[in-house]
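> Here's a sequence, model it:
(2 chains)
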Amino acid sequence: EPEVTQTPSHQVTQMGQEVILRCVPISNHLYFYWYRQILGQKVEFLVSFYNNEISEKSEIFDDQFSVERPDGSNFTLKIRSTKLEDSAMYFCASSRGQGIGNQPQHFGDGTRLSIL
Amino acid sequence: AQSVAQPEDQVNVAEGNPLTVKCTYSVSGNPYLFWYVQYPNRGLQFLLKYITGDNLVKGSYGFEAEFNKSQTSFHLKKPSALVSDSALYFCAVRDEGNGGFKTIFGAGTRLFVKA
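Predicted structure coming up:
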C-alpha cells in the first residue's frame, strides 16, 4: 500500500537556525497537510495545501513557517529562525481529495525536530 | 468549531477481554468521525471512519466503533484485546471550516493490554 514518507526521521538544529522538513505524499493525492505533536500533547493542525497554494492555516502557522511543493513529488515545511518551543514531532499527511469519499488523510511516520 | 473529547488518558485491559476507548464529539452539521492509532515512533494509522449509514463501523485489526447521535459519542471497541493493541489512540473529526478540510484530534488515550 502506498505510504507518505518523511525525511529525516530526526532533525537536531540549533536555536535560530532554519530547518526544512521533507515529505513525499502518496503519488495520486492532491491535498497535503502538516501537523505538529509536541511531546505528550495532542496532534495539532498547521496547514493544508492544494493547487500550489495554502488552503488553510492555523494560528500556529505564523510567518516563521512556510510550505512549498518544489517539484511533482516533494512537499516541504520550512521553519525559519527556530525556537525551543518548535521542538515537536511534525507529521505530513495527504489525501486524494477533499470530498467525504476521499478521506481519510494518510500520515507519514513523522520527523522529530529537536531544537537545542 | 468542531471538537472531540477523549475522557480517559489511559485504559488498561487484560488480553482477551473486550476493550472500549471513549470519544465524544461536538460538531455543527454532519459529523465525520475517525479513529487513528499511533505506535511508538510511528505516524498515525487510520483505523476506521464514520461518514453516514450504519452506526456500527468496522475497521482495521478487528476494531469497530459505534456512532451514537443522541449521546454524541463514537467509542472504539474490540471484542478481544491483544497485547499488540497497546498504543495511543486518537479520535478525530473533520472540520470543514474556513474552506479547508483539516482533521481535529482528541488528546489521545493510551491503551495498555496486559498478557
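> quick one: the strands in the chain?
If you meant another chain, say so; for now it's chain A. A:5-7, A:10-13, A:19-24, A:31-37, A:43-50, A:53-57, A:65-68, A:75-79, A:88-95, A:106-107, A:111-115 (DSSP state E).
> switch to chain B, that's the one I care about
B:3-5, B:10-14, B:19-21, B:24-26, B:33-38, B:44-50, B:56-58, B:64-68, B:73-78, B:87-95, B:102-105, B:109-114.
> what does chain B have sitting close to chain A?
Counting by C-beta under 8 Å from any C-beta of the partner chain, the residues of chain B close to chain A are B:32, B:34, B:36, B:41-46, B:49, B:51-52, B:90, B:94, B:98-108. C-betas here are computed from N, CA, C, even on glycine.
> Please spell out the PyMOL selection for the buried subset of the residues you listed.
Buried residues among these (16 or more other C-beta atoms under 10 Å in any protein chain shown), as a PyMOL selection:
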select buried, chain B and resi 32+34+36+43+44+45+46+49+90+94+100+101+102+103+104+105+106+107+108
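> What is the neighbour count of residue A:52?
The number of residues packed around residue A:52, counting by other C-beta atoms under 10 Å in any protein chain shown, is 7.
> residues touching it, list them.
Contacts here follow C-beta atoms under 8 Å, 6 or more residues apart in numbering or on different chains; on that basis residue A:52 touches residue A:69.
> Ramachandran coordinates for it?
phi 70, psi 20 (degrees, to the nearest 10).
> Would you single out the least confident of the strands of chain B?
Per-stretch mean pLDDT for the strands of chain B is lowest at strand B:102-105 (a mean of 86).
> Of all the strands of chain A, which one comes closest to chain B?
Proximity to chain B, assessed across these by C-beta to the nearest C-beta, is greatest for strand A:53-57 (2.8 Å).
> could you say what helices and strands that closest one packs with?
For strand A:53-57, the packing partners by 3 or more C-beta pairs under 8 Å, 6 or more residues apart in numbering or on different chains; DSSP states H and E come out as strand A:43-50.
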